[in-house]
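1. From the sequence below, what's the structure:
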Amino acid sequence: MMALVSIITGILVSTTPIALAGIGGIFGERSGITNIGLEGTMLFSAFFAALCSFMTGNPWLGLLAGIATGVLVSLLHAFLCINVRIDHNVSGLAINIIASNITIYLMSLYFGNKGTTPGCPKLTGVTIPGLSQIPGIGGIFTNVSLITLLVPVICVLAHYFLSKTNYGLHVIASGENPQAAHSLGIHVKRTQYISVMIGGFCCGLAGAFLSISYLGMFIKDMTASRGFIAIATILVGRYKPSGVLLSGLLFGFAVSLQISLQGIIDIPTEIIQCIPYALTILVVVGSVIRDRKRKVRLTGAY
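-> Okay, here's the model as predicted:
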């Protein structure tokens, strides 16, 4: 039972940043702004959350710094894509490259170390009354990160805003046909800006989770391609928050499995570390094949 609790806890920890970034990324994608810079946005947020927490001694201020960083980076991406009209993928790729290098430089500048920062105050975990007292599995609900508990809440809110409000209709219209949306009086650019910034907010939470809720420090390239996996959850989850959350759980299981297997079985560590990324490729390919078959059936039926 203890092993089961440990596995489920690991899945929840691994799923949290992936699901948050994926749910946030839906808004930009549905509004017509592709963002492959989720990885870099998370990395920037993780660093500044850890830096602020270390310098102030207050992890809650670190959380705010991480969120603010995510929003500002996404605002830059939105400006480049909407106003400057740079290719979306180029902008996102540039953010990823800059984040990886700038965070290393800032670590060297502030801490004299290019690999890790000193330990910083962490967000305190939450113990859920009642559930934490359940024999055997109560440990799952003990000392849970507040950010992890926010994931299902954010998923429900995202579903509500996208499918039940006028804002959601504006987002979808802006992404599918911006000219028609504009002719109906929808402020397309403003809608796209807000959508991309919502994604930045979620990436800020995801990055802060890694540095000041999970580890209590910042490590070079600590996002470890979770941003790219989040993009895969958007594709597999069919651009729906619930689908992204379920896909995030699948990939979170793969990441947790990869961590658990290291040092247990006689397989090179490098191969074990490939498990989440190999699964990502397989699932995305399967999703593409599924969509193509569906289109063929619909075409044939038509």
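2. Leaving out sequence neighbours, find the closest residue to residue 10.
-> With C-beta to C-beta, 6 or more residues apart in numbering as the criterion, residue 10 has its nearest non-adjacent residue at 3.7 Å, and that residue is residue 256. Every residue, glycine included, has its C-beta placed from N, CA and C.
3. quick one: the one you found is in a helix?
-> Yes: using DSSP: H, G, I helix; E, B strand; the rest coil, the assignment for residue 256 is a helix.
4. Surely it and residue 18 touch.
-> No: under the criterion of C-beta atoms under 8 Å, residue 256 makes no contact with residue 18, lying 11.1 Å away.
5. State the distance from the residue nearest to residue 10 to residue 65.
-> Computed as C-beta to C-beta, to the nearest Å, the residue 256 to residue 65 distance reads 28 Å.
6. Those two: which is more packed in?
-> residue 65 (24 against 21; other C-beta atoms under 10 Å).
7. residue contacts, the more buried one?
-> Contact analysis of residue 65 by C-beta atoms under 8 Å, 6 or more residues apart in numbering lists 48-49, 51-53, 208.
8. which parts of the strand or helix carrying it are buried?
-> Here residue 65, judged by DSSP states H and E, is contained in helix 59-78. Buried positions in helix 59-78, judged by neighbour count with 16 or more other C-beta atoms under 10 Å: 59, 61-63, 65-74, 76-78.
9. And it, how far out from the chain middle?
-> 13 Å (C-alpha atoms, centre = their mean, to the nearest Å).
10. Quick check: next helix or strand after the lengthiest helix in the chain?
-> Assignment by DSSP state H gives helix 2-31 as the longest helix of the chain. Later in the chain than helix 2-31, the nearest helix or strand by DSSP H and E is helix 38-56.
11. which helices and strands sit right next to that next one?
-> The contact analysis (3 or more C-beta pairs under 8 Å, 6 or more residues apart in numbering; DSSP states H and E) places helix 38-56 against helix 2-31, helix 59-78, helix 88-111, helix 188-208, helix 226-236.
12. For those, give me TSV that also has mean pLDDT and distance to residue 272.
-> Output for the helices and strands packed on helix 38-56, formatted as TSV (pLDDT from 0 to 100; distance: least, C-beta to C-beta, whole Å):
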stretch	mean pLDDT	distance to residue 272
helix 2-31	89	14
helix 59-78	97	30
helix 88-111	95	23
helix 188-208	96	24
helix 226-236	91	16
